[in-house]
Every structure is written in structure tokens, then in C-alpha cells.
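In: Got a sequence here, can you model it:
(2 chains)
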Number of protein chains: 2
Amino acid sequence: MAKVEQEAEVRYANADGLADALRGADALFVWDFLSTAVPDAWHAADRLRWLHIASAGVDPVLFPELRSSDVVLTNSRGVFDTPIAEYVLGVILAFAKDLMRSYDLQREKRWQHRETERLGGKRALVVGTGPIGRAIATTLRAAGMEVSGAGRSYRANDAHFGTVYPTDELSEHVGSADYVIAIAPLTEQTSGMFDRHVFRAMKNGARFINVGRGELAVTGDLIEALDTGQLGGAALDVFDNEPLPADSPLWTMPHVLVSPHMSGDVVGWRDSLVEIFVDNFTRWAAGEPLRNVVDKDLGYVPTGTSRV
Amino acid sequence: MAKVEQEAEVRYANADGLADALRGADALFVWDFLSTAVPDAWHAADRLRWLHIASAGVDPVLFPELRSSDVVLTNSRGVFDTPIAEYVLGVILAFAKDLMRSYDLQREKRWQHRETERLGGKRALVVGTGPIGRAIATTLRAAGMEVSGAGRSYRANDAHFGTVYPTDELSEHVGSADYVIAIAPLTEQTSGMFDRHVFRAMKNGARFINVGRGELAVTGDLIEALDTGQLGGAALDVFDNEPLPADSPLWTMPHVLVSPHMSGDVVGWRDSLVEIFVDNFTRWAAGEPLRNVVDKDLGYVPTGTSRV
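Out: I've put the predicted structure just below:
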């Protein structure tokens, strides 16, 4: 942050001090993106023009006052693409190669040969066609899977997905996938999109991977689909309530892999997040257009616009 | 086997009945490739001309009497290539994304964020340049890793590996690899090639993956390298003593993933193995050249010769 500190007065604040720090500030860099401190302190934002967030998803700061304001919102698009794609491939292979069962048997010192599954030729549907979804598609296809996508509207011959199905017809297209990956931005349109109806339309035994936002799925419906065996497994890195409460059945359900919202957080990620902010700060100080400007009505950076 | 049964008298035998069945037989299809029944019954092989084995490695049947005989030996090259490559990528990602630790924490219902590793840009050295090693190289490179190989002799510009280093200089070239994968055939030259000297030459914290044969490594030296932290982890699918005895420290060492010689055994593998034999039987019955003929002096099917 040395470069920023040279050119601006920088105030560092936690949730308690945010309102004081925000008073008179031109720009706000939100580091703890899940914090609710920003809407709480918003009344003090008397001259804010730019808000940058250290995450790809911007749902936590899309409260009504920000949406209706003139404050420009930018995100950290790009940092998480490849790491999350690698993570998704890792959990898919953990399912296909039965690694968790091997680990269980190892604890019991049991030598029990099993047949595992091929990855090549298996089908993945990536729900969310932003840069992370595209990195996932590229990675899974390179590993031999057949990949399609789901996004706002139908597209043929997409460079990464081939076919993109409209998410409002998800239950009509989800049935051929062996793995369904949730990486859509959380918006009014996508909240709860994975519900009982969609889970029931999935192939019996399909696996569900959520690396987007917990609220994309209706948690009760997800648990029911796992419980009945309609879903063959789930790898969940995000939850509608984080940290996942100790009384959640997801912790102990068979064929469920729980991780603590870390799929994109590789060594060096904090540096990368700061670099993106500093780069945008340099543009902002020079009066140049910012990168990764979020369309506050859509709830994400539209495809085809600025990328990191 | 129906096709074979139409054209030949087929005798099915277990270890006890093998000598009787072998008497007068022209061809032998060895299904349980780790069995020692073949050398034990060899005295009864009075007119054997062809032995086919349901595995890629032929070390279990390369006893002196077979080597010096005129019996043609063929293997099941091809069946295991992609499955083992997928398995290797899976265990590498399990290490990089700390999946086993996530699974441990999940059992304790602990939400503990960690930073994980990138896969992209990491270096893999694949020791063994046969078809399985080549499939591993292709798969790891497609996932963003930098890959080189080690084989009998130095080669530049290899289609799959780029550079192939000579295995007898392994300790000079192993030091830059983050992951070292053992998939060489087990021969007099390769037996015990991963010894204390080679493990000490590896990068501190490198991970060792053995999907070849347990005897490629000196088990005591491997355990020592894991114990001292010289190796950061190991994924072991093969052992010099299988099933792995209950008193082996490998079962319980941290950062060690034990699996029961199953890395290549995907659903349908038994059918694939029978198909290869039936295909070769058809050639044999027609007097045509067989596929996958093993060079009994080298101990494997030389590169560039017949492939499945």
C-alpha cells in the first residue's frame, strides 16, 4: 500500500471505526468482504466516489443506498479464476477416484480394492459464465470432461462453454450432467436457484459443487437431495450461514465435503488483492477509467468489459 | 470370452489347478498378475507358445525360465494409461488444495480457513516414459504444470516430456520438481531407484507419488525421507509387500495417502482387459503378429512398437 500512502491520506479502520474513517473519504477499499460494516456506516459516506472490494462477488455491498448512489463499485475479478478452477477439478477427482473413502480405509488400516470412475467423457454443467466459470470450463475440458454452461441467456458456440443454457430453464438442461458447479453471482435472479425442483431434475447420483455463494442453493432442499440419494455427493465451500454452524447436518452427511470458503485462496492471494486495488487506485488518481467496474443493476462486471 | 471359446478349448484354472491346465496348452492368459502360480506351475508348460498378462507391468512373470524360453509375452498396455493419469492428477490436487486436512477438520466440525497452493506452474518429474508415463505428462501439462521425464536415456524435444533425463542420473535432475511420479517398469535397473540418495536430492517438501511398483522405492528410505520432512508428502498406490501389512508405519504417517493398488482400475477395466486378450487371440489364431509384445530383456514393450 506504500504507493497509495504516498499519494493519499490512508485511514485503516475496522468495523467499529469505519463510520469515522468514512467521513470525508473519497474512496473505500473493503477488505473483509463478508462484513456488514459498510451498510452500517454508510450514513457517514459524505463524499465517497469509489468503493473497491477484495472479492469477486459483490453481493455483500449491494445494499439499496449503494445501488442508488453514484458511487462507482469495482471488484477483484481475476484473482480467483484459476485457483477456484483447480479446486473444482480437485474435488471432482476426489469424488471420481474415491479419495475420501481411501482416506477412511487408511485410518482403519484396511486394504480394500475398489473400482473408481473415469473423469474423461464425464459431463459438467457450469452455472455462471463469468471469468471464474470460464476458467472452470477451460480446466475441466482440458482434463477430458464435456462441459456446457448456464447463464442469463442462451448462447451457442461460446468460446469456453460451447452451449450456454438460460438459467431460468435450468431444470430442463441439468439432467445430463454428472457434475453441476455453482459459480453464478448472487443476485435476486440467482438466489435460491438450486432448489428442490432443480435437484430433482438432476441425473440420479450427480454431484453438486458450490464455489459461488451458499445462497445460490436452498440449503434445506440440498440436504433433502443428499439425504434421498438423488445427489451422489456435494463439495461445498460456501454456505448461507458462515462459518457453517456446528448443528448443520452438512458437516456429517456422507459424500459431502465441507471446506471453509477458501477455494480461491492460494498462497499470495492477499498480495494479488492489494495489487488490484493499487492498480485501480493509480488509474483513479490519474482520472483514467477504472478496471472491473460492476454493473450495480446486474450485480457483476458484465462480460466483455474491463478485465484484470 | 465367447469368441475364444468358439475357436479353442479354454481351461479356467486357479493356482492349484494351473499345472494340470497348463499341460498341453498353447497359450496362457494370466488374470491375477500378482500370483506366483505361473513360475510354480511352469514345469508343466510342455507346449506353451504365448503368455498374455492382464497388467501393464510384467515383472511378476519375468522369472528366468520364461525369459530364456521361446514363449512370446504380451501385456495389457493401454488399459491403464488415462485412468492412472487422472488418479495422479487427483492426488496432486488433493495435496495442493489440502483436501485431506479439510476432511480431518470436517470430522471435528472445525471451520478453519487456510491458504492452499496453486497447481499452475508447479513442476512434475515423471519417472517412466512408457504409455502410462506419457498419459500422466499430457494430463499434468493440460492442468498447467511444467513437466519433464526420466527414462533410460537422455532425449530432448520429446513430444510428451520435452526433456527426458537419464534415470541413472536421477539425483542430479530431481531437485527442481515439486512432484515426483514413479511409473517406471520394475526391472533390475529400476528396482530400488528411489533410495536415500535420490530422496535427499529432492526439493525440500517435494511430494512423491508411486503408481508403478512398490519395489521402485527403498521403503525404509522412503519412510525416513517422510519422517524427517525431506518429503512433504507421498501418495502410494503400490508397495513392496501387498496388501500393505498392518504394522507398516506408512498407514499412519502424516501427509501419506495409501491406496490399495487401484489407481488404474476404473469401472469397466475387467472388460477392457478381456478385450485386449481376445483381440490378440484373434491375431494369434490367424497367424498375425501380436500386439504389445514385451521385450523380455528390457522388461517392457519398447516405445514405438505395437500399441493397443
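In: Low-confidence ranges, the stretch 1-150 of chain A, go.
Out: Of all residues in the stretch 1-150 of chain A, none has pLDDT under 70.
In: need the residues of it near chain B, please.
Out: A:82-83, A:86-87, A:89-91, A:93-94, A:96-97, A:99-100, A:102-103, A:105-106, A:109, A:111-120, A:139, A:142-144 (Cβ under 8 Å from any Cβ of the partner chain). All C-beta spots, glycine's among them, are computed from the backbone N, C-alpha and C.
In: From those residues, list the buried ones, please.
Out: A:82-83, A:86-87, A:89-91, A:93-94, A:96-97, A:99-100, A:102-103, A:105-106, A:109, A:111, A:116-120, A:139, A:142-144 (16 or more other Cβ atoms under 10 Å in any protein chain shown).
In: In strands, which of these appear?
Out: Using DSSP state E, no member of those falls in strands.
In: Helices - which of the residues you listed land there?
Out: A:82-83, A:86-87, A:89-91, A:93-94, A:96, A:99-100, A:102-103, A:105-106, A:139, A:142 (DSSP state H).
In: Could you measure from A:Val38 over to A:Phe63?
Out: 8 Å (Cβ to Cβ, to the nearest Å).
In: just A:His160 next, same as before
Out: For A:His160 relative to A:Phe63 (Cβ to Cβ), the value is 32 Å.
In: where does the residue most central in space within chain A land in three-state SS?
Out: With distances taken as Cα atoms, centre = their mean, A:Gly212 lies nearest the centre of chain A, 2.7 Å away. Put simply, A:Gly212 is coil when judged by DSSP: H, G, I helix; E, B strand; the rest coil.
In: Can you list the residue ranges for helices in chain A?
Out: Going by DSSP H, chain A shows helices at A:2-7, A:18-22, A:37-41, A:64-68, A:81-96, A:99-107, A:131-142, A:170-173, A:196-201, A:219-227, A:269-285.
In: Reformat these as TSV; add distance to B:Ser263.
Out: Formatted as TSV, these follow (distance: least, Cβ to Cβ, whole Å):
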stretch	distance to B:Ser263
helix A:2-7	49
helix A:18-22	52
helix A:37-41	49
helix A:64-68	51
helix A:81-96	12
helix A:99-107	10
helix A:131-142	20
helix A:170-173	34
helix A:196-201	32
helix A:219-227	28
helix A:269-285	31
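In: which of those helices sits most buried?
Out: Ranked by mean neighbour count, the helices of chain A are led by helix A:81-96 with a mean of 26 (mean count of other Cβ atoms under 10 Å in any protein chain shown).
In: Can you report phi and psi for the residue nearest to the centre of chain A?
Out: Note on A:Gly212: backbone dihedrals following degrees, to the nearest 10 are phi -100, psi -90.
In: That one against A:Val238, yeah?
Out: Yes: judged on Cβ atoms under 8 Å, A:Gly212 makes contact with A:Val238 at a distance of 6.3 Å.
In: Mutual contacts of the two, please.
Out: With Cβ atoms under 8 Å, 6 or more residues apart in numbering or on different chains applied, the contact sets of A:Gly212 and A:Val238 do not overlap.
In: Next, work out how far apart the residue of the stretch 151-300 of chain A found nearest chain B and B:Leu105 are.
Out: When distances are taken as Cβ to the nearest Cβ, the stretch 151-300 of chain A reaches nearest to chain B at A:Pro243, 3.6 Å away. Computed as Cβ to Cβ, the A:Pro243 to B:Leu105 distance reads 11 Å.
In: Between these two, which contacts overlap?
Out: By Cβ under 8 Å, 6+ apart, the residues touching both A:Pro243 and B:Leu105 are A:Pro260, B:Trp111.
In: In stretch A:120-133, which residues are buried?
Out: A:120, A:122-133.
In: Report the separation between the nearest residue to A:Val88 once chain neighbours are set aside and A:Phe239.
Out: Leaving aside its chain neighbours, A:Val88 sits nearest to A:Ile136 (5.2 Å; criterion: Cβ to Cβ, 6 or more residues apart in numbering or on different chains). Using Cβ to Cβ, A:Ile136 is found at 20 Å from A:Phe239.
In: what's the answer for A:Ala206, then?
Out: 20 Å.
In: Also A:Glu115?
Out: Applying Cβ to Cβ, the value for A:Glu115 to A:Phe239 is 33 Å.
In: same deal with A:Ser76?
Out: The gap separating A:Ser76 from A:Phe239 is 21 Å, by Cβ to Cβ.
In: Which one of these two is surrounded by more residues?
Out: Taking other Cβ atoms under 10 Å in any protein chain shown, A:Ser76 and A:Phe239 do not tie; A:Ser76 has more neighbours (25 against 21).
In: That one contacts A:Ile276, doesn't it?
Out: Yes: under the criterion of Cβ under 8 Å, A:Ser76 makes contact with A:Ile276 at 5.1 Å.
In: Strictly from the record, what residue spans define the domains of chain A?
Out: A:2-78+A:267-285, A:81-258 (automatic domain parsing).
In: Pipe the ones you listed into CSV and attach distance to B:Gly220 per row.
Out: Output for these, formatted as CSV (distance: least, Cβ to Cβ, whole Å):
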stretch, distance to B:Gly220
domain A:2-78+A:267-285, 33
domain A:81-258, 19
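In: Out of those, flag the one nearest B:His261.
Out: domain A:81-258 (6.9 Å; Cβ to Cβ).
In: my guess is A:Phe63 contacts A:Ala37, does it?
Out: No: with contact defined as Cβ under 8 Å, A:Phe63 does not count as touching A:Ala37 (11.5 Å).
In: how about the strands in the stretch 151-300 of chain A?
Out: Along the stretch 151-300 of chain A, the stretches classed as strands by DSSP state E, counting those that start in this stretch are A:155-158, A:162-166, A:179-182, A:206-210, A:231-236, A:256-258.
In: show me the residues around A:Asp168 that make contact.
Out: Contact partners of A:Asp168, counting by Cβ under 8 Å, 6+ apart, are A:Gln189.
In: measure it to A:Arg155 for me?
Out: Following Cβ to Cβ, the distance that separates A:Asp168 from A:Arg155 is 14 Å.
In: what's the answer for A:Met145, then?
Out: For A:Met145 relative to A:Arg155 (Cβ to Cβ), the value is 19 Å.
In: and the two? which has more neighbours close in?
Out: A:Met145 (22 against 16).
In: these two touch, right, the more buried one and A:Val126?
Out: No: using Cβ under 8 Å, A:Met145 makes no contact with A:Val126, being 10.2 Å away.
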